[in-house]
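In: Prediction below, plus the sequence it came from.
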Amino acid sequence: MLPVAAPVLADGGLAVSGERIIGVGPAPDITAAHPRARVVDLGRSVIMPGFVNCHSHIEYTSFRGILDDSEFGDWIISLVDVKASLTPEEYLASAKLGALEAISSGITTIADTSYGAASLQAAAEAGLRGRLYLEVFGVDDKRLDETMSDVERRLAEAQAAAPPRFDVGLAPHAPYTVSSRLYQAISGLARERGLKVMSHVAESKEELTYIRSGSGKFAHDYREKMGWERMLVQPFGVSPIKYLQQWDVFDPDFLAVHCVQVSRDDVRILKAKDVAVAHCPKSNAKLGCGVMPLADLLHEGVRVGLGTDSPASSNIMDMFDEMRTMLFLHRAVERDVTVLDAPKCVRIATLGGAEALGMQDDIGSLEPGKFADFIAVDVSKSHFAPIDEPYSALVYGANQDDVLITVVGGDALFHERAYTGLDAEAIRRAAVGVRQKLRDRVRAGGVLVGAAESGWWQTAGAPGEETP
Ligand SMILES: [Zn+2]
């Protein structure tokens, strides 16, 4: 058992009453202390807190693999088209597939960013814990009042629909899609109502170029695609972090997602404002954005959690794979093995995420009083043998298929590798239908696909024709 906030327990036991943990210790002591309790023997497995996925977009689960080889600027421009082609029901089908994957992958909490309520409904049906960050876009300050009343309306709807395990926050999308005044208006509303805020910040070099010099792909192609080409583009001359700092949007309730394009100065600003960071190493690497300076952030003491990002960018929601990629990338970049080890990775993926989301009093570690959100990972299989260090087995060897059970608030949502409350086949079937529509949308043209040269995935344009 890995309580995370305490040392490893061989033959560990966990006592659960209702939705909370009431005891953690050696299994014989726990069973002796609760003689009338039902005992579940999890065999040769590692018991640990459920993963806290600090950044996801489960409504994009059906998008996985569609834009595998686009660089960030083209990828996000293409997504504008693909996203517009789905109905709310189709988004729900896609989100349900994501919730299904989260449960079987040992994710018990998601911090999900979504425009509509699809991911909220899917996560509620699945029994996941988490937060929905409602996405907001807007660069036209003449429409600021209209945008904010729309935000208030969507917020009220989402709060009314949120199940007990979920709360609702706000997500001004990114510095290139949200004006400084809209960022400030959202901050004001969030502070007034006690809401958490997340934003995609300092993700790509395109964003850096746009904020610094008002030029590049975001100043032209992206704004044209969004219909914003008539709006004035201003060069701000600073980094995205300094840009947001000057509008006073940073505080301890702000989660900055990505933070790849950050300097030492930027890291110090994040620390000074106690901004939390969601690290998405696979998504950033796959889209060619770069590697977040994790060592600097940890050195400064910034709260950091781990996120898979959306399946549209990182394909799978496997937190084991995400931890492993994080460890390998940072050791490779820093040319230093001491920068990160397996226990630190597990901590970032559990308690670190809880701290980043402000949920550390309730989740992230196995401690009496916290919610009974835990998983068991089967380590009886040959790819773990021989095992004498559980942290190492999980980070270097495990994957999402090794999860045996997933429990949220004392409810086993996944038990002996089977879903207890979801019809997995029906969910997969519905998502395949959505995927077919997305494929047709891409084939109909107008969508950039970086894999065009490889020939397997063609747009409708004539050979050699530039699209769009
Ligand atoms: Zn995102």
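Out: Structure's in. What do you need? Numbering: from 1, shown residues only.
In: Give the buried residues for stretch 406-414.
Out: 406, 407, 408, 409, 412, 413, 414 (16 or more other CB atoms under 10 Å). Every residue, glycine included, has its C-beta placed from N, CA and C.
In: Check the spacing between residue 185 and residue 170 real quick.
Out: Using CB to CB, to the nearest Å, residue 185 is found at 10 Å from residue 170.
In: And for residue 341?
Out: From residue 341 to residue 170 the distance is 35 Å (CB to CB).
In: Give me the more crowded residue out of these two.
Out: residue 170 (24 against 15; other CB atoms under 10 Å).
In: Residue 134 is in contact with the more buried one, correct?
Out: Yes - the criterion here is CB atoms under 8 Å, and residue 170 meets it with residue 134 at 5.6 Å.
In: Now do the shared contacts for those two.
Out: 151, 155 (CB atoms under 8 Å, 6 or more residues apart in numbering).
In: which residues of the stretch 151-300 of the chain fall in strands?
Out: If DSSP state E, counting those that start in this stretch is used as the criterion, the strands of the stretch 151-300 of the chain fall at 166-172, 197-201, 254-258, 276-279.
In: Under the pLDDT cut-off, which ranges of the stretch 301-450 of the chain? List them.
Out: Residues of the stretch 301-450 of the chain meeting the criterion pLDDT under 70: 445-450.
In: If we use 90, what do you get?
Out: Residue ranges of the stretch 301-450 of the chain with pLDDT under 90: 310-315, 380-388, 416, 433-450.
In: Residue 175 is in contact with residue 207, isn't it?
Out: Yes - with contact defined as CB under 8 Å, residue 175 counts as touching residue 207 (6.4 Å).
In: who has more neighbours, these two?
Out: Set side by side, residue 175 and residue 207 show more neighbours around residue 207, with 30 against 26, by other CB under 10 Å.
In: Show the model's pLDDT score for that one.
Out: The score at residue 207 is 91. That number is its pLDDT.
In: again with residue 90
Out: So, for residue 90, pLDDT stands at 92.
In: Which residue ranges make up the domains of the protein?
Out: 12-46, 47-419 (automatic domain parsing).
In: Show the contacting residues for the closest residue to residue 58 other than its chain neighbours.
Out: Nearest residue to residue 58 in three dimensions, chain neighbours excluded: residue 98, at 2.8 Å (CB to CB, 6 or more residues apart in numbering). If you count contacts by CB under 8 Å, 6+ apart, residue 98 has them with 56, 58, 59, 60, 61, 119, 122, 311, 317.
In: Pipe the residues you listed into CSV and attach neighbour count per row.
Out: Below are the contacts of residue 98 laid out as CSV (neighbours: other CB atoms under 10 Å):
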residue, neighbour count
56, 30
58, 33
59, 33
60, 25
61, 30
119, 31
122, 28
311, 25
317, 29
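In: could you redo those as TSV and give each row distance to residue 254 and secondary structure?
Out: Shown next, in TSV, are these (distance: CB to CB, whole Å; DSSP: H, G, I helix; E, B strand; the rest coil):
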residue	distance to residue 254	secondary structure
56	18	strand
58	22	helix
59	23	helix
60	23	helix
61	26	helix
119	21	helix
122	26	helix
311	25	helix
317	24	coil
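In: Next, the contact list for the nearest residue to residue 298 once chain neighbours are set aside, please.
Out: Of all residues not flanking residue 298 in the chain, residue 304 sits nearest, at 6.5 Å (CB to CB, 6+ apart). Residue 304 sits next to 276, 277, 278, 279, 294, 297, 298, 348, 352, 356 when contact means CB under 8 Å, 6+ apart.
In: What distance do you get for residue 304 to residue 66?
Out: Taken as CB to CB, the span from residue 304 to residue 66 is 29 Å.
In: same thing with residue 25?
Out: Taken as CB to CB, the span from residue 25 to residue 66 is 48 Å.
In: For burial, what's the neighbour tally of residue 420?
Out: For residue 420, the count of nearby residues is 14 (other CB under 10 Å).
In: quick one, what contacts it?
Out: Counted by CB under 8 Å, 6+ apart, residue 420 has contacts 411, 412, 413, 414.
In: Identify the farthest-apart pair in the buried residues of stretch 406-414.
Out: Among the buried residues of stretch 406-414, the pair separated by the greatest distance (CB to CB) is 409 and 414, at 13.7 Å.
In: and residue 425, which of the domains of the chain is closest to it?
Out: Short answer: domain 47-419, nearest of the domains of the chain by CB to CB, at 9.9 Å.
In: May I have the distance across that closest one, first residue to last?
Out: 18 Å (CA to CA, to the nearest Å).
In: how long is stretch 82-91 from one end to the other?
Out: End to end - CA to CA - stretch 82-91 spans 12 Å.
In: buried sites along that stretch?
Out: 82, 83, 86, 90, 91.
In: Ok, stretch 124-141 next?
Out: Neighbour-count burial for stretch 124-141 [16+ other CB under 10 Å]: 124-139.
In: from these, which two are the most distant?
Out: 127 and 139 (37.8 Å).
In: now, which of the buried residues of stretch 82-91 sits nearest residue 50?
Out: Of all the buried residues of stretch 82-91, residue 50 sits closest to residue 91, with 24.9 Å by CB to CB.
In: Now do the strand or helix carrying the closest one: distance to the chain's middle.
Out: Using DSSP states H and E, residue 91 sits in helix 88-104. Distance of helix 88-104 from its chain centroid, counting by CA atoms, centre = their mean, to the nearest Å, is 14 Å.
In: Quick check: buried residues in it?
Out: Judged by neighbour count using 16+ other CB under 10 Å, the buried positions of helix 88-104 are 90-104.
In: same deal with stretch 328-339?
Out: 329, 330, 339.
In: With distance to residue 75 and secondary structure added, can I get those in TSV?
Out: Output for the buried residues of stretch 328-339, formatted as TSV (distance: CB to CB, whole Å; three-state DSSP):
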residue	distance to residue 75	secondary structure
329	19	helix
330	24	helix
339	28	helix
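In: how about the residue nearest in space to the middle of the chain, secondary structure?
Out: The chain has residue 55 as the residue nearest its centroid, 1.7 Å off, counting by CA atoms, centre = their mean. When classified by DSSP: H, G, I helix; E, B strand; the rest coil, residue 55 comes out as strand.
In: Quick check, it in contact with residue 111.
Out: Yes - at 6.0 Å, residue 55 counts as touching residue 111 under the criterion of CB under 8 Å.
In: Are there residues contacting both of these two? Which ones?
Out: 198, 278, 305, 307.
In: where does the first one land on pLDDT?
Out: Residue 198 is assigned a predicted lDDT (pLDDT) of 98.
In: and it, how far is that from residue 57?
Out: Going from residue 198 to residue 57 by CB to CB gives 11 Å.
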